[in-house]
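In: The following comprises the amino acid sequence and a computationally predicted model.
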Amino acid sequence: MIKKLRSILILVFCIVMSLSVSAADTADGMLKKAAAGITGTSGLTASFTLDYGSQKVSGTMKASGKKFALQTSSTSTWYDGKNMWIYNARTGETTLMTPTSREVAEANPLSIVNSYSADFTAAFAKSQIKGSKTIVLTPKSKRTGYKSVHVTIPDGSAFPFRLVIIPTSGQKMTVSVSKVTKDCKLPDATFVYPKSKYPNVEIVDLR
């Protein structure tokens, strides 16, 4: 009887473990599709809203592969895959840098989805909203600077429409994405700082 019970427990344990692995693989698979949807297109444009504490900022994004350009009323960012330019309308200065992966993620949160597998493990959230799936990214190391990242993907789509980023310090940040247009033809100049547009702006080179 004890031997039979032990066999049943082992069987139950194996089933639970296989279900857990399956769920994780499914969450991982959804994120891989999302990443492919972001980097695989020839170009995309989107609108976004950023909620950060008491601040709420709206803007537009253009992206192609790892390159992107973001514009809001206060800042504009261009990233050509190597160099990043950040124009601050308040100070009237442009900062030029060669960013780390974390700095890229801070400038463009969608880049977390592109490279999540290196720094995070993925699993479905315990609580789900009807019509979508939320995946929780848990950092593999405290060095990432995040407690967790919640990625919500609507059913029938591979493109995330909401990211909730919870850092180890500071305010929670929520990014809502809308009006996504894929396969746009975007020239390389889209992702390079347009000096001619800001002729009198000082460029602070931090490279």
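Out: Received it, and whenever you're ready, just let me know what you need.
In: Identify the residues contacting the residue nearest the centre of the chain.
Out: Centroid-nearest residue in the chain: residue 110, 2.4 Å away (criterion: CA atoms, centre = their mean). Counting by CB atoms under 8 Å, 6 or more residues apart in numbering, residue 110 makes contact with 38, 61, 63, 68, 160, 163, 175, 177. C-beta: built from backbone N, CA, C; applies to glycine.
In: What segments of the protein are helices?
Out: 2-39, 101-107, 110-114, 116-119 (DSSP state H).
In: Name the residues that touch the second one?
Out: Where contact means CB under 8 Å, 6+ apart, the residues beyond helix 101-107 that reach it are 68, 70, 77, 79, 84, 86, 97, 99, 111-112, 115, 144-145.
In: Quick one: those as JSON lines, columns for pLDDT and neighbour count too.
Out: Output for the contacts of helix 101-107, formatted as JSON lines (pLDDT from 0 to 100; neighbours: other CB atoms under 10 Å):
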{"residue": "68", "pLDDT": "90", "neighbour count": "25"}
{"residue": "70", "pLDDT": "91", "neighbour count": "20"}
{"residue": "77", "pLDDT": "93", "neighbour count": "22"}
{"residue": "79", "pLDDT": "94", "neighbour count": "25"}
{"residue": "84", "pLDDT": "94", "neighbour count": "23"}
{"residue": "86", "pLDDT": "94", "neighbour count": "20"}
{"residue": "97", "pLDDT": "95", "neighbour count": "15"}
{"residue": "99", "pLDDT": "90", "neighbour count": "18"}
{"residue": "111", "pLDDT": "78", "neighbour count": "22"}
{"residue": "112", "pLDDT": "78", "neighbour count": "26"}
{"residue": "115", "pLDDT": "73", "neighbour count": "15"}
{"residue": "144", "pLDDT": "78", "neighbour count": "20"}
{"residue": "145", "pLDDT": "81", "neighbour count": "16"}
